[in-house]
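J.: for reference, the sequence and a predicted model appear below.
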Amino acid sequence: MLRIHFTPQDLARVRVASAPDPLWEITCSLHRLQTSRGRWAYADWYRETRATMVGTQLGAAVRRLLVPVLPRARYLPDFLTPHEAADGLDRGLAAIVDTPSDRVDLEIRTLDRISGAPDWALRLRERATREDFVGLLRAYHEAVIAPHESRIHATVAAERALRGRDALATGLDGLLAGLSPAVRWHPPVLHVDYVEDRDLRLDGRGLRLIPSYFCWQSPISMADDTLQPVLVYPVHGRRAPAPERPPEVSLAALLGRTRAAVLRSLALGATTSELAGVLGVSVPTASHHTSVLREAGLVFSHRHHNTVLHTLTPLGAALLRPASDAGASPE
């Protein structure tokens, strides 16, 4: 059990990540490859990933270099999931390269003591070795994560919208209580089902909540309590479906003004009932419009309690952007 202790100052400093954290998604996706637990939820991704890596140099490098230092185990080196990755993959990889050698040495030795580490891992103390290592992380991301980024971003965006609605409706209590079945909020302590028994005292630093597409069931935090506190938690219950090419009939149905109004109304997310009220139509009519948009890959819908929340996919959001934002030349 992980017990996260909040002070009044921490309650004002809870943040939900605005986008997927690329290094946490790399880490959690590697964990999905190391176990069959939850594989059904990632079946299409798993099949594509195996086809990409089996019998290739990348696949061999992942097995020999990435999996041993990012194992599905009780301890992970914190320097491989730096806070800077919140600003994108490039910033995160640069932070790994810039990690002080003594910290790398300490964390690799801790990994070896707790879970076991290969002999070569201590060479990560050397900057040149870390540069080669982040090159492999980038190659893995490009081959395994990037092809699914639209789906990952849509899922996290929907989760963020849901957490925002919970916060507006029921305050921070509702936000923290609704994170995951593995998380229970008993103020001022957040109880998390965890791989070890420990206490994390925020002491005014706040908590960054990171919804993760590839995290499965068990939330993850940093091992070093002195680092910026984070809680990575799964959003598998609200996963966006795999993108498919919409049938031509769905595309034709999108040309009407009513559905354009539906799309605009969903820019910040809305339930079916809220959408019906905004458009002045019945709930079944609003539901029909969202179904057509969903089939065309423009809307992502998920059930929350007794309502269905609709949000835009990246493609749906792109259709609302001015033409100049998409690089179009003015006429």
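T.: Received, thanks. Numbering: from 1, shown residues only.
J.: I'd like the next helix or strand past the lowest-mean-pLDDT helix or strand in the chain.
T.: One helix or strand of the chain scores below all others by mean pLDDT, DSSP states H and E: helix 248-253, with a mean of 44. Downstream of helix 248-253, the next assigned helix or strand under DSSP states H and E is helix 257-265.
J.: now that next one: buried residues?
T.: Arg259, Val262, Leu263, Ser265 (16 or more other C-beta atoms under 10 Å). In short, each C-beta sits where N, CA and C put it, glycine included.
J.: what lies in contact with that helix?
T.: 253-254, 275, 278-279, 286, 289-290, 292-293, 298-299, 312, 316, 319-320 (C-beta atoms under 8 Å, 6 or more residues apart in numbering).
J.: does Arg294 really touch Ser301, like I thought?
T.: Yes - using C-beta atoms under 8 Å, Arg294 makes contact with Ser301 at a distance of 5.6 Å.
J.: need the overlap of contacts for the two.
T.: Counting by C-beta under 8 Å, 6+ apart, the residues touching both Arg294 and Ser301 are His310.
J.: show me the strands in the chain, by range?
T.: Using DSSP state E, the strands of the chain run over 2-5, 14-16, 183-186, 189-192, 198-201, 207-212, 230-234, 270-271, 299-304, 307-312.
J.: run me through the strand neighbours of the fourth one, direction for each.
T.: By that I understand strand 189-192. Note on strand 189-192: by DSSP bridges, its sheet partners are strand 2-5 (antiparallel), strand 183-186 (antiparallel).
J.: please identify the most buried of those strands.
T.: strand 2-5 (a mean of 18; mean count of other C-beta atoms under 10 Å).
J.: quick one: contacts for Leu11?
T.: Neighbours of Leu11 in contact, by C-beta under 8 Å, 6+ apart: Leu172, Pro188.
J.: typed the wrong thing, it's Pro188
T.: By C-beta under 8 Å, 6+ apart, the contact set of Pro188 is His5, Phe6, Thr7, Leu11.
J.: and the nearest residue to Val67 once chain neighbours are set aside, what does it touch?
T.: Distances taken as C-beta to C-beta, 6 or more residues apart in numbering place Leu30 nearest to Val67, at 6.1 Å, with adjacent residues excluded. Shown in contact with Leu30 (C-beta under 8 Å, 6+ apart): Val62, Leu66, Val67, Leu70, Arg72.
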